Structures are given as structure tokens and as C-alpha cells.
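Participant: Sharing a model that was predicted from the sequence below.
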Amino acid sequence: MALFRTILLRLLTTTITLFGVAVIVFVVIRVVPGNPIAMMLPPGATDADIARLQALYGLDKSIPQQFVIWLTGVMHGDFGTSISLRQPVLDLVLGRLPATLELSIFALVIAVVIGGFMALTGTRLRGTRVEAGIDVANGMALSVPDFLWGLILILLFGVLVPIFHISGRISPSIDFPFMTNFYVFESVARGRFDIWADLLAHMFMPALALAIPLAAIIGQLLKQSLKETMHLDYVTLSRTKGYGENHVIVKEALPNAVLPTLTLIGVQFTFLIGGTVIIERLFSYEGLGNMAIDAVVNRDLPLIQGIVILFALIFTVVNLVVDMTYAALNPRLRHA
Amino acid sequence: MTGFLSIRNLSVVLAGTPHRLLRSVSLDLPAGEVHGLVGESGAGKSMIGKAILGILPRAIEIAEGEILLDGQDLLQLPPAERRRLVGKTAALIPQDPLTALNPSRRIGPQITDRLVDILGWKRAQAEARAVELLAEVHIPDAPRVMRSYPHELSGGMRQRILIASAFAAEPKLIVADEPTTALDVTVQKQILRLIAEMQSRHGTAILFVTHDLGVVSKVCRSLSVLYGGKVVEETEVRAFFRGPKHAYSAALLAATPKYTDPDTSLTPVPAEVIAAVQAEVEAADGEWRHVR
Ligand SMILES: Nc1ncnc2c1ncn2[C@@H]1O[C@H](COP(=O)(O)OP(=O)(O)OP(=O)(O)O)[C@@H](O)[C@H]1O
Ligand SMILES: [Mg+2]
């Protein structure tokens, strides 16, 4: 069956990609200077102490040997132990993953809402000053990277008009026995909308910083393809049936115009997830990205490895989801 | 005599310029009749149809004139009302069936949408009507076709569907803009026959845009010959083929392959005839600028 073959092929390429990423990261973080063990030990530790600990973490072996040991562990679901935090890498990483996923998804939702609104409004009012204004806003949003938006938002809404939280994931005063680390989803599922609101108030600023550049890209591309679609014959035919501008844009043009934008969102969303590394740091948000920076600072080799592999896995899953959505929305592919 | 469709002194201009793309066009189309619009490429044939249906490009605006549909001047109506009136009483059979159906929507809703949304029919009723119409345009297995997407069907099939869709709301007027030009020669004849058949069954008036006088002789009762946005001759088809009055129409007729003898060598429209009609058309323009 075609679908089965597609999935199998996909799994195979994903495995190869992840393996490649693992090899590269493994080698690179061992070649760059900096010794995790030396950083861990108090000053005055002897060379013998360092050597003993290095042996404990297997860092005295050659890089290929280390890789084989690591890979064998991974096959058994063991990603090693964090040197700086002294806990299993897998537990650490999976513990932080939900926070980053929630932040990224929230940012994506904001970007799609703002970008979609700009594209539809710009198309509806094409040729007017409103459209020109939207183009200017998009251009500005695009010329500033997400972390600078983060700083701007902190200054504006954290310092100047402090109406949003600019630090952390949840108010320290909230003491709630969460069963998962998906706080946003869990608070909704358990009907605690007060906690949910507190979470969103914390997430809003970092998510917005991540969302602004993506919103501009979506707004620009979607408006462009909507405007092109508006000239096509089936749109004109729909007008002769008695339909007005709004119906024609949303029901006739949008379903076709959205396809190229969708592919782009997929690519850009992976960039957005990459952006969480710095944004989480900026907003002291307890996610995977924040942990990644700590791991690098501490030269925590097993942890860096685990985080990078997880990011790579997320990227491939995002691409897979985009491809599937594209196929579902495009009837010409559905039957191919 | 005023027809069901009556156009009076219609001029359209390229917005912001005095340049007229239609020059005081008048024509009458009685209910249930087929009227041909002929002329060379760029003469303004499609422009007339677009003006009636309210789908002129944004860069083009109506400078003067009336478009009376059943006695009602479309140009005096507020846009939303005009749109709905056109949707209820008129329809378009477009030129290219490959681009006139929305690729991401199923066929069924593209036939029934007007009935449900604009005429307020019940969905089931509209679907039953669509099945009926597909049978009328000789498409077997209507339920399957209605579930299909456009890319699954041939060009001829799609043009049949567009014809069915145009007749769906029993319009009084259909604008057919070169409905066979984009099709294979073999399919062209079938589609032409189908339009004629549907027209006589439903008694719909059709404004038939074409550059092919052979087609006009087969499906039209009357015709208008256009040059440079101006009607140079409006007449009955029979009278026209017996002897056109205007020198340009005569030259156009001489330049058309004979249906009975397609191999005779053709005389292209002579340069002096073009120059004369050009001068005639432009002379009228001086007057128009003066009036404005
Ligand atoms: N969007 C537009 N902007 C400016 N001029 C236009 C536009 N569309 C058409 N025109 C001009 O209007 C004139 C009439 O065009 P129209 O499409 O009615 O010609 P036509 O008689 O239908 O020709 P054809 O046989 O090629 O379809 C042409 O001179 C054309 O260049
Ligand atoms: Mg045309």
C-alpha cells in the first residue's frame, strides 16, 4: 500500500537524519575546548581526581568508542547521565519538553492569528492605505529578530507599562499538584482556569516575541497568494453567482492560497522552535532551550547531546505533520 | 422595441483616463433569443459581458450609460443588491473550463452553492436539481461526478458542468464568453450543440461572445459587430449573411472560412477598411470628449 510505503520511507530517512545529527554533535562538542569535569570540581582538585571522574563518565576513551557506548545506551532507552545535574538525561529532557512545546504552539497560534488577520484584511482592502500600512508593519516586524522583539517587549510591557509577566512560567504563589508538565493543557483539563490564565499571562510576552517575525512572514506570503488567486477565473465566476467580496476571499480564494503558506509555516515553525533557546533564557522560562544554554555553559556533554537529538526529532515530526496537512488540504495530492 | 436586456450608450474607460474601451454601446436582446457579439481580438466583446455581470477589472470603470435587465437599470442599484440580482437572473458560461472551477472544492457544491446561498433553496432540493441538470448535459453517474474534484474530470466534462451550473437557477440571461475556444475541435461541436439544446429547452436569452462567424450562423438570431469598442453594425443573422451593411462587417465576413467550403482562399480584412473604421470610431470620440 502506498501510504504504508510512504511511512516506512519516512521512518528510514528520519533515522538516518537523526543518526547523522548525533554523529556531528557528538564529535563537535568533544573537539571544542572545555572540560566538563574540570568545571565541576572545586579548585584544587588533583589531576588524579579529574582522571578518576573522567573514567567514571567514560570520557577517557576515544571518541568512536564513546559513541558506540552512547549509541548502545540509546538503543536501550538510556541517554546517559547529566554531568552537571546528575540525573538521567532522558528524565531531564522530557521534563522540560512540555514547557517548550506549549510555548512554541502558543507562539504559532498567535502568529497564525495575527498573520492571517493581516493577510485577509490586506486583501479585502487591497489598494487602500490600510494595505500599505500592513505592508509597512510587516516589513518592520521582519527586520527585527525575535530576541530583539523580546527585549523590546520586556522594556515596553515589563518595565514601562508593567501589565504582563516577563519572567518564569507560573506565579510562585500558585501551588498546584500538577500530574504532567503540560501545565496549560492540564489546567484546562482539570478546570482550573485561574491557573490557566496565569500561565498564559506568563507565556504571552515570550510567545509574542517568537510570533512577531513569523506573523509578518505569514501575513506577507498569504496576502500575496490571496491577491494572485483573486484574479483567477473561478473567483470571478463566483462573483457572478451573487457572492460578495468577503465570501469570495474566504471560501474561494483562501483554500487555494493557503497551500504555499502552509509549507512555509512548517519551515518557519522549526526556526521558531530554535528561537526558544534564547527567548526562554531572556524570559527565564523553564524550558528545554533554557536548559540547553546551561548545558552548553557547563559542557554537560550527555545533556547537550540529548537536547540536540530531541530538537532534531521535533523538527522532523513538524515537517511530517506539515506534509500530511498539505496532502489533506490539497485534493490534487490526496488521490495521487 | 426594448429587449429583456437593453444596453444604452454604455461607455467604459480605463480609470483616470479619457480612453474608452467601449464607445456608447447600445444593444437589445429580447427574452429567449441568442445574440452574437463578434469582432477581432481586443474589440471589447468580453468587456460588454463583464459590464453586465459586474465583473469589470478594477482598473476599468463605467463612464456613462444604462444596463437594463428586465427594465431595471443595474447601474443605479447599490452594489450588494445589484450583485444578488445578477446572481438570480443572469449567469456566465466562461471560456476556459480548466480554470473556471475551484480546484479545492467538489463539483456538487460548485453547482448548488448559488441555489442555496443566493436563492435560498434547501440543500437537498438543490442537490436534486444538480442531479437533474447533470443528466440534461448528458453526464452519467451524477452522484459520483458531484463528489469529484475538477482535476479528476476532462475539459469537455468540466465545460458541461459549467453549463449545467449556469442554467441551474433558471436565469433569464446567460453570457457565454467564447465557451468553446479552449476545447478540442471534436469537443467544440458537441458543446455548441449542447448550449443550443439547453437554450431552447430553457428559453434563456444568451449573449454569445465569439470571433467565429461560423458559430454565429449556427446558434444566433441576431448579432452585433464590434470594432474598437464600438458597435459598427447590429442586425439579424439572416440579413447579415445575405449582405452586411457596413464595409468592415463585409470584410470580416469575407475573412471567415466558409462552412460549406473551408478550403477557399481567404481575403484578410484590407488595410483601407481598417483605416476607415478606425477613423469612424475615433471621430465619435471627439464628440464624446466634448460632451464630457
Ligand atoms: N484589465 C484591463 N486593463 C486595461 N485594459 C484592458 C483590461 N482588460 C482588457 N483591456 C482592454 O480592453 C479592450 C477590450 O478587451 P476585451 O477583453 O473585451 O476584448 P475581446 O473583444 O473580448 O477580445 P478577445 O477576443 O481577445 O477576447 C482591449 O483593448 C484590452 O486591451
Ligand atoms: Mg474576450
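Facilitator: Perfect, thanks for sending it. Ligands and ions are numbered 1, 2, ... in the order given.
Participant: make it CA atoms for all contacts and neighbour counts henceforth
Facilitator: OK.
Participant: quick one, phi psi at whatever residue of the stretch 151-292 of chain B ends up closest to ligand 1?
Facilitator: Taking C-alpha to the nearest ligand atom, ligand 1 has its nearest neighbour within the stretch 151-292 of chain B at B:His211, 6.3 Å off. Main-chain dihedrals, B:His211, degrees, to the nearest 10: phi -110, psi 10.
Participant: B:Thr204 versus that one, what's the distance?
Facilitator: To B:Thr204, B:His211 is 22 Å away according to C-alpha to C-alpha, to the nearest Å.
Participant: roughly how far is the lengthiest helix in chain B from the heart of the chain?
Facilitator: The longest helix of chain B (DSSP state H) is helix B:271-291. Put simply, helix B:271-291 sits 25 Å off its chain's centre (C-alpha atoms, centre = their mean, to the nearest Å).
Participant: what does that helix rub up against?
Facilitator: For helix B:271-291, contacts defined as C-alpha atoms under 8 Å, 6 or more residues apart in numbering or on different chains pick out B:18, B:23, B:227-228, B:230, B:247-248, B:251.
Participant: ok, now with 6 Å
Facilitator: By C-alpha atoms under 6 Å, 6 or more residues apart in numbering or on different chains, the surrounding residues in contact with helix B:271-291 are B:Tyr248.
Participant: ok, now which ones touch the residue lying farthest from the centre of chain A?
Facilitator: Computed with C-alpha atoms, centre = their mean, the maximum C-alpha offset from the centroid of chain A is found at A:Thr240, amounting to 44.0 Å. Neighbour list for A:Thr240: B:53, B:87 [criterion: C-alpha under 6 Å, 6+ apart].
Participant: And it, how far from B:Ala80?
Facilitator: Applying C-alpha to C-alpha, the value for A:Thr240 to B:Ala80 is 12 Å.
Participant: How about the residue of the stretch 151-292 of chain B closest to ligand 1, nearest residue that isn't a chain neighbour?
Facilitator: Distances taken as C-alpha to C-alpha, 6 or more residues apart in numbering or on different chains put B:Val38 closest to B:His211, at 5.1 Å, once the chain neighbours are dropped.
Participant: Who does the one you found form a beta bridge with?
Facilitator: B:Val38 has these beta-bridge partners by DSSP bridges: B:Val225.
Participant: picking up where we left off before, what is the burial count for the residue of the stretch 151-292 of chain B closest to ligand 1?
Facilitator: Close neighbours of B:His211, defined as other C-alpha atoms under 10 Å in any protein chain shown, add up to 21.
Participant: Could you report the distance from the residue farthest from the centre of chain A to ligand 1?
Facilitator: Between A:Thr240 and ligand 1 the distance is 17 Å, computed by C-alpha to the nearest ligand atom, to the nearest Å.
Participant: did I read that right, B:Asp113 in a strand?
Facilitator: No: assigned with DSSP: H, G, I helix; E, B strand; the rest coil, B:Asp113 falls outside any strand and is helix.
Participant: How about the contacts made by it?
Facilitator: Shown in contact with B:Asp113 (C-alpha under 6 Å, 6+ apart): no residues.
Participant: again, but for B:Arg106
Facilitator: Taking C-alpha under 6 Å, 6+ apart, we find B:Arg106 in contact with B:147-149.
Participant: okay, the residue lying closest to it once chain neighbours are set aside: pLDDT?
Facilitator: Distance criterion C-alpha to C-alpha, 6+ apart; nearest residue to B:Arg106, sequence neighbours excluded, is B:Tyr149 at 4.7 Å. Looking at B:Tyr149, its pLDDT reads 95.
Participant: Same question for B:Pro268.
Facilitator: 77.
Participant: Let me know how buried the residue of the stretch 151-292 of chain B found nearest chain A is, in neighbour terms.
Facilitator: Per C-alpha to the nearest C-alpha, B:His151 is where the stretch 151-292 of chain B lies closest to chain A, at 6.9 Å. As a burial measure, B:His151 scores 16 neighbours (other C-alpha under 10 Å).
Participant: Distance check, the residue of the stretch 151-292 of chain B closest to ligand 1 against B:Ser41.
Facilitator: Going from B:His211 to B:Ser41 by C-alpha to C-alpha gives 8 Å.
Participant: Same question for B:Asp70.
Facilitator: Distance of B:Asp70 to B:Ser41, computed by C-alpha to C-alpha: 30 Å.
Participant: Mind checking which of those two has more residues around it?
Facilitator: Taking neighbours as other C-alpha under 10 Å, B:Asp70 and B:Ser41 compare with B:Asp70 leading, 17 against 13.
Participant: Please report how far that one lies from A:Lys61.
Facilitator: Per C-alpha to C-alpha, B:Asp70 is found 93 Å from A:Lys61.
Participant: ok, now B:Ser165?
Facilitator: 76 Å.
Participant: more crowded one of these two?
Facilitator: Neighbour count, other C-alpha under 10 Å: between B:Ser165 and A:Lys61, B:Ser165 has more, with 26 against 13.
Participant: pLDDT wise, what is the residue nearest to the more buried one when sequence neighbours are not counted at?
Facilitator: Leaving aside its chain neighbours, B:Ser165 sits nearest to B:Ile111 (4.8 Å; criterion: C-alpha to C-alpha, 6+ apart). Among the per-residue scores, B:Ile111 shows a pLDDT of 97.
Participant: again, but for A:Asp233
Facilitator: Model confidence at A:Asp233, given as pLDDT, is 96.
Participant: Could you check how far it is from A:Pro36?
Facilitator: From A:Asp233 across to A:Pro36, the span is 65 Å (C-alpha to C-alpha).
Participant: Am I right that B:Thr267 sits in a strand?
Facilitator: No: counting by three-state DSSP, B:Thr267 is not part of a strand but coil.
Participant: Now do the contacts for it.
Facilitator: Contacts for B:Thr267 (C-alpha under 6 Å, 6+ apart) come out as B:Ala255.
Participant: and the gap between it and B:Tyr227?
Facilitator: 18 Å.
Participant: Up against ligand 1, what does the stretch 51-200 of chain B have?
Facilitator: Applying C-alpha under 6 Å from any ligand atom, we find that the stretch 51-200 of chain B lies next to ligand 1 at B:57, B:59.
Participant: Which single residue of the stretch 51-200 of chain B ends up nearest ligand 1?
Facilitator: For the stretch 51-200 of chain B and ligand 1, the shortest gap (C-alpha to the nearest ligand atom) falls at B:Pro57, measuring 5.0 Å.
Participant: helix, strand or coil for that residue?
Facilitator: B:Pro57 is classified as coil under three-state DSSP.
Participant: now the helices: where do they sit in the stretch 101-250 of chain B?
Facilitator: B:107-117, B:123-136, B:142-147, B:155-167, B:185-202, B:213-219, B:237-242, B:247-254 (DSSP state H, counting those that start in this stretch).
Participant: do the same with the stretch 101-250 of chain A
Facilitator: A:129-143, A:146-153, A:183-189, A:193-229, A:233-240, A:245-247.
Participant: Go through the ones you listed and name the closest to B:Arg221.
Facilitator: Proximity to B:Arg221 (C-alpha to C-alpha) singles out helix A:233-240 among the helices of the stretch 101-250 of chain A, at 25.1 Å.
Participant: List, one by one, the residues from chain B near chain A.
Facilitator: Residues of chain B lying close to chain A (C-alpha under 6 Å from any C-alpha of the partner chain) are B:53, B:83-84, B:87, B:99-102, B:114.
Participant: Redo the residues you listed as TSV? Include neighbour count and pLDDT.
Facilitator: As requested, those are exported to TSV (neighbours: other C-alpha atoms under 10 Å in any protein chain shown; pLDDT from 0 to 100):
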residue	neighbour count	pLDDT
B:Leu53	26	96
B:Arg83	22	95
B:Arg84	20	94
B:Gly87	24	95
B:Thr99	16	95
B:Ala100	21	96
B:Leu101	28	97
B:Asn102	24	96
B:Arg114	25	96
